[in-house]
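A.B. asks: Here is a sequence with its predicted model. Questions after.
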Amino acid sequence: MELPDVIRNNISIEERVWRDGAECTCVVETTTGQRFQRTVKNKCRVDVTLTLLRSFEILLFFLSVMVTLVILRCLSRKS
């Protein structure tokens with residue numbers, strides 16, 4: 001079986017589909033009837049963006065509580 005010199009193509013996969021870990025298969029058939037198949041899958045399903053957003057949200061909450069407490073303490077000293 002003789003392989004062709006070059007097979008090159010770009011395939012776009014929706015971000016949601018890739019992030020969800022769906023298997024994506026590409027099948028190429030040559031003019032001589034040879035078939036080549038390749039399946040890829042995103043193995044890392046951690047959504048880093050969501051994790052960072054949640055961490056930032058928690059940090060912002062604690063920061064706002066601290067600022068509020070400092071302001072209240074300053075106001076109570078003036079009274």
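C.D. replies: Ah, there it is. Computed from a predicted structure; not experimentally measured. Numbering: from 1, shown residues only.

A.B. asks: roughly how far apart are Arg73 and Val17?
C.D. replies: Note on Arg73: its distance to Val17, by Cβ to Cβ, to the nearest Å, is 52 Å. For the C-beta atoms, the positions are set from N, CA and C on the backbone; glycine is no exception.

A.B. asks: Between the two, which is the more surrounded one?
C.D. replies: More crowded of Arg73 and Val17, by other Cβ atoms under 10 Å: Val17, with 12 against 9.

A.B. asks: before we move on, which element is the more buried one in?
C.D. replies: Assigned by DSSP states H and E, Val17 belongs to helix 15-19.

A.B. asks: Sort out which residues of the helix or strand following that helix are buried, please.
C.D. replies: Counting by DSSP H and E, the next helix or strand C-terminal to helix 15-19 is strand 24-29. Neighbour counts using 16 or more other Cβ atoms under 10 Å place no residue of strand 24-29 among the buried ones.

A.B. asks: tell me what strand 24-29 is packed against?
C.D. replies: With contacts defined as 3 or more Cβ pairs under 8 Å, 6 or more residues apart in numbering; DSSP states H and E, strand 24-29 has these neighbours: strand 35-40.

A.B. asks: Quick check: which helices or strands does the strand it packs on pack against?
C.D. replies: Partner elements for strand 35-40 (3+ Cβ pairs under 8 Å, 6+ apart): strand 24-29.

A.B. asks: average pLDDT across the strand it packs on?
C.D. replies: Averaging pLDDT along strand 24-29 yields 87.

A.B. asks: Could you export it as CSV, CA atoms only?
C.D. replies: The C-alpha trace of strand 24-29 is given here as CSV (Å, rounded to 0.1, in the frame of the first residue of the first chain):
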residue,chain,number,x,y,z
CYS,A,24,-14.3,14.1,16.2
THR,A,25,-13.4,11.8,13.3
CYS,A,26,-12.0,12.7,9.9
VAL,A,27,-12.0,10.2,7.1
VAL,A,28,-10.0,10.7,3.9
GLU,A,29,-10.4,8.6,0.8
